[in-house]
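Asks: This is a predicted model, with the sequence first.
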Amino acid sequence: MKGAHALMRTLVGAGVEVCFTNPGTSEMHFVAALDDVPEMRAVLGLFEGVVTGAADGYGRMAGRPAATLLHLGPGLGNGIANLHNARRARTPVVNVVGDHAIGHRRYDAPLQSDIESLARPVSRWYRSSEDLASLPGDTADAVAAASSAPAGVATLVVPADLSWTDGARVGSPVPPVAAAAVTADAVELAAKALAGGEPAVLLVGGSVTRERGLTAAGRVAAATGARLLAETFPAVLERGAGVPPVERLAYLGEMVADQLRGVRHLVLADAPVPASFFAYPGQPGLLVPDGCSIHVLAAPGDDAVGALEALADVVGAPADGYARQGADRPERPTGALNPISAAAAIGALLPEGAVVSDESNTAGIFLPGATAGAPRHHWLCLTGGAIGQGMPVATGAAVACPGRRVLSLEADGSAMYTLQSLWTQAREGLDVTTVVFNNGSYAILELELSRVGAKAAGPLAQAMLDLGDPSLDFVSLARGMGVEATRATTAEEFTDQLERALATPGPSVVEAMVGRGLGL
């Protein structure tokens, strides 16, 4: 058995069933092995940022890792932005990065690079296999590392000569490390903070933002009078009718200050301490109010859901003592197409069981309110802030969730980073409906230009934020990659086109012309 076959068999044996790939010469033996290992589904991406983002979307929804197959350091480098997002989402991903044959490294061939320095910042685990006997065990260790609590990105580098050499054996799976139990003392301290009579907030994130965790958190909030909030960009937020509702921390620091004003106790359940996304002149970076005490109930890697359930019992919360989101949809909108009417249309039409990949940015500020009472669904956020995530994550989520409609909500500027995702969706026949909000600008940067205190922007500065010269034609771009597309200029057109797209099998694009800039 060649090393590449042993590697793939070890991956499959450890539960990795999908490989998102953009291979090169060093990975050809892995590619050749695909025909001999039908249990592994290979999905081709035309750009490594699509590959890594799709692995992120798959891992978020499947709860287990997919593999990526990347070509040396430059291929890994092309995928780093979405590996950064996967790291922030704590998504299980196994990167397999091909490398030059061990004896070839000394020649400093054109593609030779420092793979380790590229991989370390986005990987919780890194290893380069240096002999055939170690390769199967290294592979099993990579899967275990990606899957252990807290989950993350594991990167395994495989020199080409190990892939083509005979004599390898399949490795045995390695059990992942489970989440750690939270101590009774931590639960008691959180109970005192929340039920002590002073204004308190229970901030949840990570593993807590699905129904079981939100139910436990809702019980605690109802029993103690504490306010329940979620981190700004959860990796996966379960929401909709019947699910305990939770308000997310705002993106803008000024709005977070309003949300937390007067709070004396902040209890964290698998959530980070609130901080501004960027530094702004004269404004605080840490968004915790003065005089507020921070209490960590559960850190990443802890059993946060179990801790919240124990906390609910300690504070005497009834099993059914929590709020549930009511069923409520907006009316089908009419008139001008803008972020408000577009959000209303999406709220009116969102299918039950949908998976929403949200990279709508400024065009999506009305979406949370418009979709809160829609049938239950999962919402995937831009966890690390590196744009170009939305369409690849939608692609991977569709692979992980056959039979569910994936709705990709995409800003026009962000769409151009990984537009190749559409080709993969067409090739795989994935049920992804993409809405591109076309406002002809990097509208988020127009907002930030003033917030950072930059002087009034002149024509050259404005030109750097403008996407209208020439205008982007997403209908033509989508059709060029085999995806049917339409363009909407009114609320009625958008609603009708979105309704048809959601009901049609396979991928489609609706380009929503929502107006210049912020479109408000």
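Replies: Right, received. Where do you want to start? Since this is a predicted model, take the numbers as computed values, not measurements.
Asks: Okay, Q389 and L214: tell me how far apart.
Replies: From Q389 across to L214, the span is 23 Å (Cβ to Cβ, to the nearest Å). No exception for glycine: its C-beta is placed from N, CA and C like everyone else's.
Asks: With neighbour numbers in mind, choose between the two.
Replies: Neighbours per residue, other Cβ atoms under 10 Å: of Q389 and L214, the larger number sits with Q389, 32 against 26.
Asks: The residue nearest to L430 when sequence neighbours are not counted: which element?
Replies: Spatial nearest neighbour of L430, excluding adjacent residues (Cβ to Cβ, 6 or more residues apart in numbering): A398 at 3.9 Å. In this structure, A398 sits in helix 390-400 according to DSSP states H and E.
Asks: helices or strands up against the helix or strand following that helix?
Replies: Next helix or strand after helix 390-400 toward the C-terminus (DSSP H and E): strand 406-411. The contact analysis (3 or more Cβ pairs under 8 Å, 6 or more residues apart in numbering; DSSP states H and E) places strand 406-411 against strand 355-359, helix 390-400, strand 432-438.
Asks: how distant is strand 406-411 from the center of its chain?
Replies: Put simply, strand 406-411 sits 12 Å off its chain's centre (Cα atoms, centre = their mean, to the nearest Å).
Asks: orientation of it relative to helix 390-400 in degrees?
Replies: Angle, strand 406-411 to helix 390-400, by axes from the mean of the first three to the mean of the last three Cα atoms, to 10 degrees: 180 degrees.
Asks: Residues touching strand 406-411, excluding its own?
Replies: With contact meaning Cβ atoms under 8 Å, 6 or more residues apart in numbering, strand 406-411 is reached by 346, 350, 354-364, 367, 387, 390-391, 394, 397-398, 430-437, 439, 443-444, 502.
Asks: Show me the strands paired with it, marking each as parallel or antiparallel.
Replies: With DSSP bridges as the test, strand 406-411 is paired with strand 355-359 (parallel), strand 432-438 (parallel).
Asks: Would you mark the buried spots in stretch 498-518?
Replies: 498, 501-502, 506-515, 517-518 (16 or more other Cβ atoms under 10 Å).
Asks: So which of these are in strands?
Replies: Counting by DSSP state E, these place S508, V509, V510, E511, A512, M513 in strands.
Asks: tell me the pLDDT at the first one?
Replies: S508 is assigned a pLDDT of 98 by the prediction.
Asks: State the phi and psi torsions of the nearest residue to G73 once chain neighbours are set aside.
Replies: Spatial nearest neighbour of G73, chain neighbours left out: S113 (3.1 Å); criterion: Cβ to Cβ, 6+ apart. Backbone torsions of S113, given as degrees, to the nearest 10, read phi -160, psi 170.
Asks: S113: how many residues sit nearby?
Replies: S113 is flanked by 17 other residues according to other Cβ under 10 Å.
Asks: surely it meets P74?
Replies: Yes. Using Cβ atoms under 8 Å, S113 is in contact with P74, at 6.6 Å.
Asks: circling back: distance of the residue nearest to L430 from Q425?
Replies: Noted for A398: a distance of 7 Å to Q425, by Cβ to Cβ.
Asks: neighbour-wise, which of these two wins?
Replies: More crowded of A398 and Q425, by other Cβ under 10 Å: Q425, with 31 against 28.
Asks: P110 falls within a strand, correct?
Replies: No. Counting by DSSP: H, G, I helix; E, B strand; the rest coil, P110 is located in no strand; its state is coil.
Asks: Count the residues that sit near it.
Replies: Neighbours of P110 under the rule other Cβ under 10 Å: 7.
Asks: and what of A178?
Replies: By the criterion of other Cβ under 10 Å, A178 has 11 neighbours.
Asks: Helix or strand: which one has it?
Replies: For A178, there is no helix or strand it lies in under DSSP H and E.
Asks: cool, V220 as well?
Replies: Following DSSP H and E, one finds V220 within helix 211-224.
Asks: Give the other helices and strands that the helix or strand immediately after that helix in the chain contacts.
Replies: Helices and strands here follow DSSP H and E; after helix 211-224, the next one along the chain is strand 227-230. Packing contacts for strand 227-230, counted by 3+ Cβ pairs under 8 Å, 6+ apart, involve strand 200-204, helix 211-224, strand 247-248.
Asks: Could you tell me which residues make contact with M61?
Replies: Residues in contact with M61 (Cβ under 8 Å, 6+ apart) are V236, V355, H378, L380, G396, A397, A400, C401.
Asks: Kindly recompute the last result at 6 Å.
Replies: Counting by Cβ atoms under 6 Å, 6 or more residues apart in numbering, M61 touches A397, A400, C401.
Asks: and which of these is nearest to G282?
Replies: Checking the contacts of M61 against G282 by Cβ to Cβ gives A397 as the nearest, at 40.4 Å.
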